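In: What shape does this take:
(chains A and B)
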2 protein chains.
Amino acid sequence: MQYTSEVVEQAVEALSGFPGIGRRTALRLVMHLLKRPDMEVARMAEALLKLKTDLFVCKICNNVSDGETCQVCSNPARESSLICVVEDYSDQMAIESTGQYRGVYHILGGLISPMDGIGPEDIHVNSLLKRAEDGSVNEVIMALSATVEGDTTMYYLARKLKDYGVKTSCIARGIAVGGEIEYADEITLARSLQQRTPYSV
Amino acid sequence: MQYTSEVVEQAVEALSGFPGIGRRTALRLVMHLLKRPDMEVARMAEALLKLKTDLFVCKICNNVSDGETCQVCSNPARESSLICVVEDYSDQMAIESTGQYRGVYHILGGLISPMDGIGPEDIHVNSLLKRAEDGSVNEVIMALSATVEGDTTMYYLARKLKDYGVKTSCIARGIAVGGEIEYADEITLARSLQQRTPYSV
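Out: Numbering: from 1, shown residues only, chains lettered A, B, ... in the order given. The predicted structure follows:
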């Protein structure tokens, strides 16, 4: 595309840095902004800047936070003896959205991956072990991806946490609710058979 | 989705205002920004703000411009006696991208649509007629959408420009290059037959 304006060009360049947004889509977004009131664009720019200036990392669980500790960690109604370990913020948000979890979280910020040279010291494992150290933690639920890296990380964490006498568990793998058995992959199906749950009537 | 941070919530809110971007995609974009360097986010915010502060409207053709007149209008190499009339900036950019057009543009900023109460005085028709007034314009190419509104606008413009002795033309309608006749709609196919061009060997 040929741009007759340097300003438009720069905005397109900036927006096309987003994942999944190419130059054509970026141009469409810029065209949208041109038609919006000045205030709205100013508010958007401010909201983006705030991501870098007003956002902190929770010193307990490493989650993104508006203050020193996040909303979950500073909520006395949450069970602090139950920790759910996740890879990233988005995983934490997904679990929080279920509205079913009353414990707290721990964000690892990555998974152990020897192939990529990522060891336990490169992710927030030590701070998790530190939380378990004083015996205040009852159970650690590991909600990590069902990949080689996820499995490696779970194995490592479970071994380490065992030394502290902390119970570990892993979220269930199986057929998705609403999923059809016909279309499920073999490994998931095999797992769902192995980990079948009692059905009471 | 539950957000543990007000700052994240605001950024998601702002980005989901874009057309075609829902809250889930917006969250993915925010997550991307959290991982990028501060400078990059600052540059993006600045680029968006500049759209409202540093962007002008060309006083000749109404195109977005970095100065009083746009790059096309102020380029002496462009044929100012040949004007291509388009509805919007994006149409102008699409035509400019072909690299085949050496004339100048006129952006209407809309189409005549009696159904929506949009008349010739609501779009930049008068400034186009003013450009044609002094006899310096040879031809006006109308590159408007093949819709009822586009056709209405073209008819109006052609009638008005005739009085000034300006030649008007309309971009060809037909089968797209690479398009298969089998899948073309009937109206386009009929038009492409009516407006067939001589084939010389």
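In: What is the neighbour count of the residue lying closest to residue A:62 once chain neighbours are set aside?
Out: Distances taken as CB to CB, 6 or more residues apart in numbering or on different chains put residue A:107 closest to residue A:62, at 4.3 Å, once the chain neighbours are dropped. Glycine gets a C-beta too; all of them are placed from N, C-alpha and C. Residue A:107 has 24 neighbouring residues, counting by other CB atoms under 10 Å in any protein chain shown.
In: how near is residue A:107 to residue A:141?
Out: Distance of residue A:107 to residue A:141, computed by CB to CB, to the nearest Å: 13 Å.
In: who are the neighbours in contact with residue A:95?
Out: A:84, A:86, A:101, A:105, A:143 (CB atoms under 8 Å, 6 or more residues apart in numbering or on different chains).
In: Let me know the closest of the residues you listed to chain B.
Out: Nearest to chain B among the contacts of residue A:95, counting by CB to the nearest CB, is residue A:105 at 8.7 Å.
In: Apart from its chain neighbours, what residue comes closest to residue A:147?
Out: residue A:111 (7.6 Å).
In: per-residue pLDDT, that neighbour?
Out: According to the prediction, residue A:111 has pLDDT 94.
In: who are the neighbours in contact with residue A:170?
Out: Contacts of residue A:170 (CB under 8 Å, 6+ apart): A:141, A:142, A:143, A:144, A:154.
In: For residue A:163, grab the count of nearby residues.
Out: Quick note: residue A:163 (other CB under 10 Å) scores 9 neighbours.
In: should've said residue A:77
Out: 6.
In: Please list all residues in contact with the residue lying closest to it once chain neighbours are set aside.
Out: Among residues not flanking residue A:77 along the chain, residue A:102 sits closest, at 7.8 Å (CB to CB, 6+ apart). Applying CB under 8 Å, 6+ apart, we find residue A:102 in contact with A:77, A:78, A:79, A:82.
In: what's the farthest-apart pair in the residues you listed?
Out: Farthest apart among those by CB to CB are A:77 and A:82. That separation is 12.6 Å.
In: C-alpha coordinates for stretch A:106-118, CSV please?
Out: The C-alpha trace of stretch A:106-118 is given here as CSV (Å, rounded to 0.1, in the frame of the first residue of the first chain):
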residue,chain,number,x,y,z
HIS,A,106,1.2,-18.6,41.2
ILE,A,107,2.3,-17.5,37.8
LEU,A,108,5.4,-19.3,36.5
GLY,A,109,6.0,-17.0,33.6
GLY,A,110,7.1,-20.0,31.4
LEU,A,111,7.7,-23.7,31.4
ILE,A,112,10.8,-25.8,31.9
SER,A,113,12.1,-26.6,28.5
PRO,A,114,15.6,-28.1,28.3
MET,A,115,15.4,-28.0,24.5
ASP,A,116,15.2,-24.2,24.6
GLY,A,117,17.6,-23.9,27.5
ILE,A,118,14.9,-22.9,30.0
